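Colleague: prediction below, plus the sequence it came from.
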Amino acid sequence: MHRKALFILAGVFLAVALAVPPIILIMQAETDVNNLIIVQNNPAMATSGNFSDPNALHQSHQINYLLVGIVEVVFVSLFAVTLYYALKRSTLPVSDL
């Protein structure tokens, strides 16, 4: 693979590593707000928003934090490996390319 393509691929991995976690956390916050609005407007529907059980809400948040952590580790690792390979490839003599 050409070294410019490796640098582009490393950039894509870095972009995903930086963009996906905030998106997941924003979606979680929007869900929490929507559930809170449902509970405030109609307390009889409190079970549908997981607000009647604090443990279920906590478990939902923990799953999202775990997902964010896994995405971060995977894509930062891919970024590091790709960047290392691209830099290693760029230091080779021209005859080896």
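Modeller: Cool, the structure landed. Numbering: from 1, shown residues only.
Colleague: quick check: buried residues in the longest helix that the chain contains?
Modeller: Ranked by number of residues, the top helix in the chain under DSSP state H is helix 3-41. For helix 3-41, the neighbour count (16 or more other C-beta atoms under 10 Å) marks 3, 6-7, 9-10, 13-14, 16-17, 21, 28, 32, 35, 39 as buried. The way it works is simple: take the backbone N, C-alpha and C, and place the C-beta from them, glycine included.
Colleague: what's the answer for stretch 80-93, then?
Modeller: 82-83, 86.
Colleague: now, among the residues you listed, which is nearest to Leu66?
Modeller: Thr82 (24.5 Å; C-beta to C-beta).
Colleague: in which helix or strand does that closest one reside?
Modeller: helix 54-90 (DSSP states H and E).
Colleague: my guess is Leu14 contacts Phe79. True?
Modeller: Yes: Leu14 lies in contact with Phe79 (C-beta atoms under 8 Å); the separation is 4.7 Å.
Colleague: average pLDDT for the longest helix of the chain, rounded please.
Modeller: Taken as a whole, helix 3-41 has an average pLDDT of 87.
Colleague: what helices or strands is it leaning on?
Modeller: If contacts are counted by 3 or more C-beta pairs under 8 Å, 6 or more residues apart in numbering; DSSP states H and E, helix 3-41 sits against helix 54-90.
Colleague: okay, the angle between the helix holding Thr82 and helix 3-41?
Modeller: 170 degrees (axes from the mean of the first three to the mean of the last three C-alpha atoms, to 10 degrees).
Colleague: quick one: mean pLDDT for helix 54-90?
Modeller: In the prediction, helix 54-90 has an average pLDDT of 88.
Colleague: show me which residues of it are buried.
Modeller: 64, 68, 71, 75, 78-79, 82-83, 86.
Colleague: please consider this matter closed, and thank you.
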